[in-house]
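Peer 1: Sequence first, predicted model second:
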Amino acid sequence: MRARTDTLKNNLFDTVPVPAPMMEIRKASIPVSRRRRVIVLDRDSTIRYVTGRMLEIAGYDGFITEKGDDVVECCKKAKDRGYQFDIAILDLAALNSTGNKEIDERLQQVDPTVSIIISCSDITDPRLRSFTAKYEYRFILQKPFTLYELNQILQRVCA
């Protein structure tokens, strides 16, 4: 599978390789009772697009945003309407950008049942250590990740 994305810089189309879908993953990850809802915060448009497609292939309902406030607002609206997000995948770089500080804390205040996964490019980043120490995150997703790796961590979180 290949994902086609529109780059904002020069309005050209890039083709980004995406791991081939694994049918076993697709069949195994769709819960019988309902599909799990995942909200993704990432600054990179390509990562947002590819992650959204991966979530779809793996059988999850994905909601993708680049703004931290949108994550909190979506979770509030979902809770008000009687459903909730099960998992939030939050990009470390997006969390550290201006205006997004404390998004994870606000998200936990809105819905403490949301499991948070921190995604980052560099797992040796000192900011990651401070986040994991402060909030005791158990789940870290290193970028770039494959469909298999994403599905594995989502299944661990849902277990």
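Peer 2: Structure's in. What do you need? Numbers count the residues shown, from 1 in each chain.
Peer 1: Where do the strands of the chain begin and end?
Peer 2: Using DSSP state E, the strands found in the chain span residues 2-6, 13-17, 37-41, 61-65, 87-91, 115-120, 140-142.
Peer 1: mind giving me TSV with these and columns for distance to K79?
Peer 2: Heads up, the C-betas are built off the backbone N, CA and C, glycines and all. Below are these laid out as TSV (distance: least, C-beta to C-beta, whole Å):
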stretch	distance to K79
strand 2-6	31
strand 13-17	34
strand 37-41	11
strand 61-65	14
strand 87-91	13
strand 115-120	15
strand 140-142	24
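Peer 1: quick one: which of these is nearest A78?
Peer 2: strand 37-41 (7.4 Å; C-beta to C-beta).
Peer 1: Direction included, what does the closest one pair against?
Peer 2: With DSSP bridges as the criterion, the sheet partners recorded for strand 37-41 are strand 61-65 (parallel), strand 87-91 (parallel).
Peer 1: picking that back up, so which of the strands of the chain is nearest L107?
Peer 2: strand 87-91 (6.0 Å).
Peer 1: relative orientation of that closest one and strand 115-120 in degrees?
Peer 2: Here strand 87-91 runs at an angle of 20 degrees relative to strand 115-120 (axes from the mean of the first three to the mean of the last three C-alpha atoms, to 10 degrees).
Peer 1: so where's the protein shaky on pLDDT?
Peer 2: 1-34, 97-101, 130-137 (pLDDT under 70).
Peer 1: So which residues of it form helices?
Peer 2: Ranges of helices within the chain are 23-29, 45-58, 68-80, 92-96, 103-110, 126-135, 147-158, based on DSSP state H.
Peer 1: now these in a markdown table, with mean neighbour count and distance to C120?
Peer 2: Listed next are those as a markdown table, based on neighbours: other C-beta atoms under 10 Å; distance: least, C-beta to C-beta, whole Å:
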| stretch | mean neighbour count | distance to C120 |
| --- | --- | --- |
| helix 23-29 | 14 | 23 |
| helix 45-58 | 20 | 11 |
| helix 68-80 | 17 | 15 |
| helix 92-96 | 19 | 4 |
| helix 103-110 | 18 | 13 |
| helix 126-135 | 13 | 5 |
| helix 147-158 | 18 | 13 |
